[in-house]
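Colleague: Predicted model, plus sequence, below.
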Amino acid sequence: MRLTRRALEAADLSSAVVPTLQELVDRTAAAGSAYFQTDGLRPAYHARVAAGQMPEGAAMAAILAHGLPAETPLMHALRGATVPLFFDDTHLATEAAGFPELGVRSLAAAPVRGRDGTLLGAFLMHTFVRHRWSTTEAELFTAVAETMATLTARLAAEEGLLAARESALRALGLGLEYKDRETLGHTDRVTHLAVQLGQRLALSPETLQALRWGAYLHDVGKLAVPDQVLLKPGRLDTGEWALMQTHVLEGERFAETLGFLPVGARAVIAGHHERWDGSGYPRGLGGEQIPLLARMFALCDVYDALTSERPYKAAWSPEAALQELDAQAGRQFDPQLAASFVAMLQDTPAGRA
């Protein structure tokens, strides 16, 4: 009951399943336990989470890298199983073929199915010495697997929905690049930089997601900007610049139609052209009036613009771009965030876009 309640309160699959796996290790002879799940794209089941001691060596490294093939005898057996399978000696069970090579001597496996009955994944627990699974151990494993199977399938479905939304949002950002070809690669580069900065600042997974989604869509409003302005090869005149600035408000309007978009993501779209000194657009916000994620993303956006070639300018060197960001700290950018961003790229040159 305690594990069930804890799992139901978990925000994601990993935090729901890990305590359950640890409970199996603590209350049985199992040396380790793991949950394997398909991603629906490749014919393999990948280790999502584990507890206790896992096998080592080249064979296990290959499984961690490529997953358990869908036609592994164990996974094939689980597709037709209605109850967990227990093997006291993997050397004697054809269904457990391949596990002796991992050093696994005894094995228990329970299927996890999706709503349509397909095999979504499996709970496994193992020992490295021959072990006869007791009735108590079998009952515990069966109860835990049955309790967690439905929850795990639901959380996996939710993950799939989030992944689909993420792919769609990224596709929207990339779609703009195909229209405005001078910015090819910009979406992925600024998203990568934003996530790096967010991780450096220890943002929560939920906040990082909002930052990432906002990065994908930050310029989506440019789809409403006339081509003669958006695609103009030279600098814009005053009227054209005013039209270009409307992309922020257009982007906000678009974001509002996506009911699932987090507030933080919408803040990136609405605020990434505001400036610390209040001279930005569209609302002239200043200082901490500008949402944190917008202040962070502005650094990534400008850095990539500076270090990218445009029809009207050559690409700046990373060093020159970082000097400019540092010079604009306290004017265009939040000075503390600017210092963190500059330090991040100076500390990790490989992460530079």
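Modeller: Here it is on my side, so go on.
Colleague: can you map out the helices along the stretch 101-250 of the chain?
Modeller: For the stretch 101-250 of the chain, the helices defined by DSSP state H, counting those that start in this stretch occupy 135-179, 186-200, 205-217, 227-230, 238-256.
Colleague: same question but for the stretch 251-353 of the chain, I mixed them up
Modeller: Assigned by DSSP H, counting those that start in this stretch, the stretch 251-353 of the chain shows helices spanning 263-271, 292-307, 318-327, 335-347.
Colleague: quick one, which of those helices is nearest to His66?
Modeller: When those are compared by Cβ to Cβ, helix 335-347 sits nearest His66, at 32.3 Å. Every residue, glycine included, has its C-beta placed from N, CA and C.
Colleague: Look at Asp347 and say how many residues are nearby.
Modeller: By the criterion of other Cβ atoms under 10 Å, Asp347 has 9 neighbours.
Colleague: Trp276 too?
Modeller: 24.
Colleague: sorry, back to before: mean pLDDT lowest where, among the helices of the stretch 101-250 of the chain?
Modeller: Per-stretch mean pLDDT for the helices of the stretch 101-250 of the chain is lowest at helix 135-179 (a mean of 75).
Colleague: Okay, now the unreliable bits of the chain?
Modeller: The model of the chain has pLDDT under 70 over residues 1-15, 40-41, 149-161, 178-184, 311-312, 349-353.
Colleague: Map the structural domains onto the sequence of it.
Modeller: According to automatic domain parsing, the chain comprises the domains 2-158, 180-351.
Colleague: Please name whichever of those is nearest to Ala171.
Modeller: Of these, nearest to Ala171 by Cβ to Cβ is domain 180-351, at 8.6 Å.
Colleague: tell me the secondary structure for Ala34?
Modeller: strand (DSSP: H, G, I helix; E, B strand; the rest coil).
Colleague: I figured it was touching His46, is that so?
Modeller: No. Contact status for Ala34 versus His46: not in contact, 10.3 Å apart, counting by Cβ atoms under 8 Å.
Colleague: neighbour-wise, which of the two wins?
Modeller: Shown here are Ala34 and His46; by other Cβ under 10 Å, Ala34 has more neighbours (20 against 17).
Colleague: can you tell me which residues contact Gly67?
Modeller: Shown in contact with Gly67 (Cβ atoms under 8 Å, 6 or more residues apart in numbering): 36, 42, 44-47.
Colleague: picking up where we left off before, mean neighbour count for the helices of the stretch 101-250 of the chain - can I get that in JSON lines?
Modeller: JSON lines is the format used below for the helices of the stretch 101-250 of the chain (neighbours: other Cβ atoms under 10 Å):
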{"stretch": "helix 135-179", "mean neighbour count": "16"}
{"stretch": "helix 186-200", "mean neighbour count": "20"}
{"stretch": "helix 205-217", "mean neighbour count": "22"}
{"stretch": "helix 227-230", "mean neighbour count": "14"}
{"stretch": "helix 238-256", "mean neighbour count": "16"}
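Colleague: Can you add distance to Ala339 and give these back as TSV?
Modeller: TSV is the format used below for the helices of the stretch 101-250 of the chain (distance: least, Cβ to Cβ, whole Å):
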stretch	distance to Ala339
helix 135-179	28
helix 186-200	11
helix 205-217	19
helix 227-230	34
helix 238-256	26
